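J.: Sharing a sequence plus its predicted fold:
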Amino acid sequence: MSAPTAEARPALRHRLAERGVDRTLLLLAPGVVFLVLLFCYPFLYGLQLSFQPKDGGGPLADYRRFFEDAYLRETIWTTLKLAVPAALINCLAAVPVAFRTRRPFRGRRLLTTLLVMPITLGTVLTAEGLLGYLGPNGWLNKILRALGLVDQPVQLVHNYWGVLASLLITGFPFAYLLTLSYLTGIDPSLEQAAATLGAGRLHRFRYITLPLLAPGLAITFCLSFVLAFAVFPSAQLVGDPRGATHVISIEAYQAAFQKFDYPLGSAIAMVMAAVMLAVVVLVLAWRSLLYRGATGGKG
Amino acid sequence: MAADVLTKSRKEQGTSGPTRRNPLRKPATWVAVLVFGFFFLNLAGVVGVPVADSFGTRWFTSWLPEGWTTRWYGEAWREFGLGQVFWTTALVSLLVVAISVVLGVPAAYALARRDFPGHRLVLLLFLLPILVPPLTYGIPLATVLYKFHLAGTLSGVVLANLVPSVPFVVLTMTPFIEQIDPRIEAAARMCGARTSSVLLRVLAPLLVPGILAASVLVLVRTVGMFELTFLTAGPDSQTLVVALYYAVFSAGIRTQQSIDAMAVMYTLSMLVLLVIALRFVNPTQLVTRVREERSRD
């Protein structure tokens, strides 16, 4: 199949082709070169730029500025306080629902279609809708008042809760579809075997499905977390961008493109990447501590 | 699409029908109904409010607007220069789709057909731009584009949007190419076909459905991509999402209704694209691939 046109130096060419290296690999070149230029190079450029502060003061000055200024440093906690609960709620809600819908049923395609909608609608539209829906005169507050649950309208926008709601609306479908793909990858005959041997519904879930799902669940959590951690438009629009939802991405954007301090902006982007990486590594390490064995539930 | 859904669900019901017990007796069903119900109720509210507002004359504290009108759409169109914005959006997305297919499909072919040293490394390179949220690499990327005076122009926006799109095409196409039997190509070569005719007359026709699916998905993602476009767009290279963000963010002089009208136009264009996309692909493919149970039939 690989048919190397071997005339000049057959030996080397054959040996390379044996290991899968031949002219077909040239097809990879444009894509790889493009990504190296526009993905790897900017990242490294940003990394070295972050060590060259605009106002001097040694290579680490911008990082020091970030961690010494309480207002800037707090952005990490603000973001974590939003992203971790959002990712947790999304994953925990997704598991039972995906578990119930793992077998094909009537209308599953319609359901998944409806679920894909919020992902494609994007955060801006969601934010705009939330502003109206959760606002003091919005439908939710009207319903709550009509039911007599509250006297005063509940403040749900321009604070923490609005942003959390927008993260749930965009994040839940994503977590659900990902969990579903992992669950459908688990061989159903394993569960049937357990049922034949007399395991109840709860035992089957606890000892068969959950351990097989654990790797996928860890990855789902990581991806949901990473998505929520980079929250930007909704924190600006439905949140309180100077207070309760002063998230790290707002600060990075403002430093780079409003104050035109590219080194500081890059430094904050690097801190952001580092925190994300730390959480992802932590979750994956925790999972491998809990369960060692064949990961059967790959999607 | 509706017919498709119907026949499909009927088939599935037929295969699993006899073994089914009453689903209402399982606790998981109740949880599922509760979670989905809560989710869709709120989603309906979130989508419904801007839609109602954009057609309303005035809406203060009542349940629904006082009267109905369509004039906000005309006003939004003039006020925000939406003709220009729609044109930019279409141009950017079509360019991104074309270039990412040209760059991505050959790479996907090489990845699917050859197992070479460094295969996993290349795969990781193609995976990272999809997994890392755009804002993280968008800031250094925009900085580099500003350095080369590309940011603020249409080409800058296209380049930035290509970064997640090329890997997306590669990752969608690789499994698709893997399932094409390599013996077909071998047979074509045995019969004397040159590389160019193997590509054009054997592979290309087989790849067309996959390429269509990948392009539609990239189109949807590019039209909806906020972060990268936001970071790299100038005043005359804004796509619809970014224009919408600026309209909401700098609200005050504009009426809320015309902003909502713009949001509804954005939703509608996304919905049209989605419906087109769903003719070609399974909805779950927008996020991941859900395996349908085949062992039962």
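T.: Okay, I see it.
J.: I would like the residues contacting stretch B:147-162, please.
T.: Contact partners of stretch B:147-162, identified using C-beta atoms under 8 Å, 6 or more residues apart in numbering or on different chains, comprise A:34, A:38, B:88, B:91-92, B:95-96, B:99-100, B:103, B:138, B:141-142, B:145-146, B:222, B:225, B:228-229, B:231-234, B:237, B:239. Bear in mind the C-beta positions are built from the backbone N, C-alpha and C, glycine included.
J.: so of those, which ones are in helices?
T.: Secondary structure assignment (DSSP state H) places A:34, B:88, B:91-92, B:95-96, B:99-100, B:103, B:138, B:141-142, B:145-146, B:222, B:228-229, B:231-232 from those within helices.
J.: are any of those residues buried, and which?
T.: By neighbour count, with 16 or more other C-beta atoms under 10 Å in any protein chain shown, the ones in helices among the contacts of stretch B:147-162 hold A:34, B:88, B:92, B:95-96, B:99-100, B:103, B:138, B:141-142, B:145-146, B:222, B:228-229, B:231-232 as buried.
J.: And B:W68, its phi and psi?
T.: Phi and psi for B:W68, reported as degrees, to the nearest 10, are phi -120, psi 140.
J.: Revised request: answer the last question for A:R242.
T.: As for A:R242, its main-chain torsions (degrees, to the nearest 10) stand at phi -100, psi -10.
J.: For A:A252, see how far away B:L219 is.
T.: Relative to A:A252, B:L219 is positioned 29 Å away (C-beta to C-beta, to the nearest Å).
J.: Oh, that last question was meant for B:V33, not what I typed.
T.: According to C-beta to C-beta, B:V33 and A:A252 sit 41 Å apart.
J.: A:D22 too?
T.: According to C-beta to C-beta, A:D22 and A:A252 sit 44 Å apart.
J.: Would you mind telling me which of the two has more residues around it?
T.: Taking neighbours as other C-beta atoms under 10 Å in any protein chain shown, A:D22 and A:A252 compare with A:A252 leading, 27 against 19.
J.: tell me the contacts of that one?
T.: If you count contacts by C-beta under 8 Å, 6+ apart, A:A252 has them with A:G265, A:I268, A:A269, A:M272, B:L135, B:I139.
J.: Please, where are all the helices along the chain?
T.: Here I'm looking at chain A. Applying DSSP H to chain A gives helices spanning A:10-18, A:29-35, A:41-49, A:61-68, A:70-100, A:108-134, A:139-146, A:160-184, A:188-196, A:201-204, A:210-229, A:233-237, A:248-257, A:262-290.
J.: you looked at the wrong chain, it should be chain B
T.: Under DSSP H, chain B gives helices at B:2-16, B:27-55, B:71-79, B:82-113, B:119-131, B:134-147, B:154-178, B:182-190, B:195-197, B:204-224, B:227-232, B:240-249, B:256-280.
J.: The residue of the stretch 151-299 of chain A found nearest chain B - nearest residue in space that isn't next to it in sequence?
T.: Going by C-beta to the nearest C-beta, chain B is nearest to A:A230 of the stretch 151-299 of chain A, at 3.4 Å. Closest residue to A:A230 apart from its sequence neighbours, by C-beta to C-beta, 6 or more residues apart in numbering or on different chains: B:P133 at 3.4 Å.
J.: Can you list phi and psi of the one you found for me?
T.: phi -60, psi 140.
J.: Residue 244 - nearest residue in space that isn't next to it in sequence?
T.: Just so you know, I chose chain A. A:A244 sits nearest to A:Y160 (C-beta to C-beta, 6+ apart), 4.7 Å away.
J.: meant chain B, my bad for not saying
T.: A:V124 (5.3 Å).
J.: tell me the contacts of that neighbour?
T.: A:P233, A:L237, B:F226, B:V241, B:L244, B:Y245, B:V248, B:A263, B:Y266.
J.: Mind pulling up the pLDDT for it?
T.: Per-residue confidence (pLDDT) for A:V124: 74.
J.: can you check A:L44 too?
T.: 91.
J.: where's it relative to chain B, distance?
T.: 9 Å (C-beta to the nearest C-beta, to the nearest Å).
J.: Around that residue, how many other residues sit close by?
T.: For A:L44, the count of nearby residues is 12 (other C-beta under 10 Å).
J.: do the same with A:L190
T.: 14.
J.: just the one 5 residues further on next, same as before
T.: By the other C-beta under 10 Å criterion, the neighbourhood of A:A195 contains 14 residues.
J.: which residues touch it?
T.: A:R204.
J.: Likewise for the one 4 residues further on?
T.: By C-beta under 8 Å, 6+ apart, A:A199 lies in contact with A:Y207, A:I208.
J.: Then B:L244?
T.: Here B:L244 is in contact with A:V124, A:L125, A:E128, B:I259, B:M262, B:A263, B:Y266 (C-beta under 8 Å, 6+ apart).
J.: how near is the residue lying closest to B:T172 once chain neighbours are set aside to chain A?
T.: What sits nearest to B:T172 in space, not counting adjacent residues and going by C-beta to C-beta, 6+ apart, is B:A214, at 4.4 Å. From B:A214 across to chain A, the span is 13 Å (C-beta to the nearest C-beta).
J.: Any idea how many residues pack against the residue nearest to B:L125 when sequence neighbours are not counted?
T.: Excluding the flanking residues, the one nearest B:L125 by C-beta to C-beta, 6+ apart is A:L35, at 5.6 Å. If you count neighbours by other C-beta under 10 Å, A:L35 ends up with 23.
J.: Return the distance of the residue of the stretch 1-150 of chain B found nearest chain A relative to A:H203.
T.: For the stretch 1-150 of chain B, the residue closest to chain A is B:P140, as judged by C-beta to the nearest C-beta, at 2.9 Å. From B:P140 across to A:H203, the span is 50 Å (C-beta to C-beta).
J.: Who has more neighbours out of those two?
T.: Neighbours per residue, other C-beta under 10 Å: of B:P140 and A:H203, the larger number sits with B:P140, 26 against 13.
J.: so what pLDDT did the more buried one get?
T.: pLDDT, B:P140: 89.
J.: For it, which residues are in contact?
T.: By C-beta under 8 Å, 6+ apart, the residues touching B:P140 are A:P42, A:F43, A:Y45, A:G46, A:L47, A:L49, A:S266, A:A269.
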